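>>> how would this look folded up:
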Amino acid sequence: MRNKLAIGTVQFVLDYGISNDNGEVPLDEIKNILNKANENSIDLIDTAKAYGKSEQKLGKLGLSDFKLITKLSNLKNIKNAIEDSLCKLNINKLYAVLVHDFNTFISI
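Sure thing, here's the model as predicted:
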């Protein structure tokens with residue numbers, strides 16, 4: 001049975017979080033994190049277009065063992081945004097697409 005936890009990726013590329021003293025996480029360390037997640041039946045990754053280079057970095061790692069969720073901040077061209085995320089993540093499908101914040105959603 002897979003775990004109900006997800007790996008958040010904002011801290012991989014941005015100086016974010018209370019315990020992030022080093023800023024951007026190196027690619028080899030991200031790979032180690034994802035390997036450990038996989039070993040512990042965590043197969044869900046949460047990312048967003050707003051997280052800088054997160055999608056590009058993840059796309060270099062081979063994500064076939066994971067389900068990916070991305071979040072959109074701009075809903076003007078959803079199809080292009082999703083296609084861009086798929087390309088950057090180097091995957092064929094997303095597990096889910098979310099709106100990054102409610103104000104974006106109600107503005108359409």
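
>>> helix/strand/coil for the closest residue to residue 93 other than its chain neighbours?
Spatially, and ignoring its direct neighbours in sequence, residue 93 is nearest to residue 86 (7.4 Å; CB to CB, 6 or more residues apart in numbering). Where C-beta positions appear, they are placed from N, C-alpha and C, glycine not excepted. The three-state label given to residue 86 by DSSP: H, G, I helix; E, B strand; the rest coil is helix.

>>> residues near residue 86, how many?
Per other CB atoms under 10 Å, the neighbour tally for residue 86 reads 17.

>>> Pull the contacting residues for it.
The contact partners of residue 86, by CB atoms under 8 Å, 6 or more residues apart in numbering, come to 92-94.

>>> Are any of those buried, and if so which?
residue 94 (16 or more other CB atoms under 10 Å).

>>> So which of the contacts of residue 86 belong to strands?
In strands, judged by DSSP state E, none of the contacts of residue 86 are found.

>>> if you take the average position of this structure, which residue is closest to it?
The central residue of the chain, meaning the one whose C-alpha is nearest the mean C-alpha position (CA atoms, centre = their mean), is residue 47 at 2.0 Å.

>>> Is it correct that it falls within a strand?
Yes - secondary structure of residue 47 (three-state DSSP): part of a strand.
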